[in-house]
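> Kindly generate the corresponding structure for this input.
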Amino acid sequence: MGEATYYAKARFKSEEDLASKMGKIEEFIKEGRLAYEFWQGNRGENPSDFWPIFKEKFPEVFDYLHLCKEPLNDCNNSLAGKLDFGYEYSTPEQDGDVWLFYTTVWHVADWYPFMDYLETKFGAVKTAWLSDECLDPFDSLTV
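Presented below is the predicted three-dimensional model:
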């Protein structure tokens with residue numbers, strides 16, 4: 001499986017606003033990681049069996065998938081790239097009113113829904129992300 005490091009930034013209304021939401025965002029990411037493991041262990045199951053259990057175990061992530069308009073008729077490949085929240089050693093950081101997060105994920109993960117959820121659910125006013133596969137370190141060098 002190819003992996004890449006993904007980087008994300010989100011600006012909030014104020015330092016205090018972000019500070020009050022950091023714990024909730026971290027809990028969402030932890031739930032997302034558990035949901036990923038559950039999905040990987042149950043891929044190919046009958047959707048009518050999979051989704052009720054998923055919804056009960058991971059209500060926040062279930063809400064997230066609805067927000068990103070993920071069709072919940074498939075519990076196999078349709079979730080690929082949507083449940084990539086990295087490894088547990090990666091934790092978000094706060095720098096004033098900016099939320100910073102980086103982690104290693106599947107190299108074609110889609111973090112647009114994740115950023116949309118930060119805006120819709122947690123009140124981020126602006127978000128952005130990129131993969132290290134999009135970066136060329138030589139672009140940072142001047143000669």
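
> From what I see, residue 39 and residue 79 are in contact.
Yes - with contact defined as Cβ atoms under 8 Å, residue 39 and residue 79 form a contacting pair (5.4 Å). Every C-beta, even on glycine, is put in place using the N, C-alpha and C of the backbone.

> Break down the protein into its strands, ranges please.
Assigned by DSSP state E, the strands in the chain fall at 3-11, 93-95, 98-106, 126-131.

> Which residues does the first one contact?
This means strand 3-11. Residues from elsewhere that reach strand 3-11 (Cβ atoms under 8 Å, 6 or more residues apart in numbering): 84, 86, 97-107, 109, 111, 114-115, 118-119, 122, 124-133.

> Quick one: buried ones out of these?
Neighbour-count burial (16 or more other Cβ atoms under 10 Å) applied to the contacts of strand 3-11 gives 84, 86, 97, 99, 101-103, 105-107, 109, 111, 114-115, 118, 122, 124, 127, 129, 131.

> What helices and strands are in contact with the lengthiest helix in the chain?
In the chain, taking DSSP state H as the definition, the longest helix is helix 15-41. Secondary-structure packing of helix 15-41 (3 or more Cβ pairs under 8 Å, 6 or more residues apart in numbering; DSSP states H and E): helix 47-57, helix 59-67, strand 93-95, strand 98-106.

> Need the ones you listed in CSV (columns: mean pLDDT and distance to residue 143).
Converted to CSV, the helices and strands packed on helix 15-41 look like this (pLDDT from 0 to 100; distance: least, Cβ to Cβ, whole Å):
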stretch, mean pLDDT, distance to residue 143
helix 47-57, 93, 52
helix 59-67, 92, 45
strand 93-95, 98, 30
strand 98-106, 96, 28
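
> ok, the nearest residue to residue 50 once chain neighbours are set aside - contacts?
Leaving aside its chain neighbours, residue 50 sits nearest to residue 75 (4.0 Å; criterion: Cβ to Cβ, 6 or more residues apart in numbering). Going by Cβ under 8 Å, 6+ apart, residue 75 touches 39, 42, 43, 44, 45, 47, 50, 51, 54.

> give me every residue that touches residue 62.
Neighbour list for residue 62: 54, 55 [criterion: Cβ under 8 Å, 6+ apart].

> Just among the contacts of residue 75, which is most surrounded?
When neighbours are counted by other Cβ atoms under 10 Å, residue 54 leads the contacts of residue 75 with 22 neighbours.
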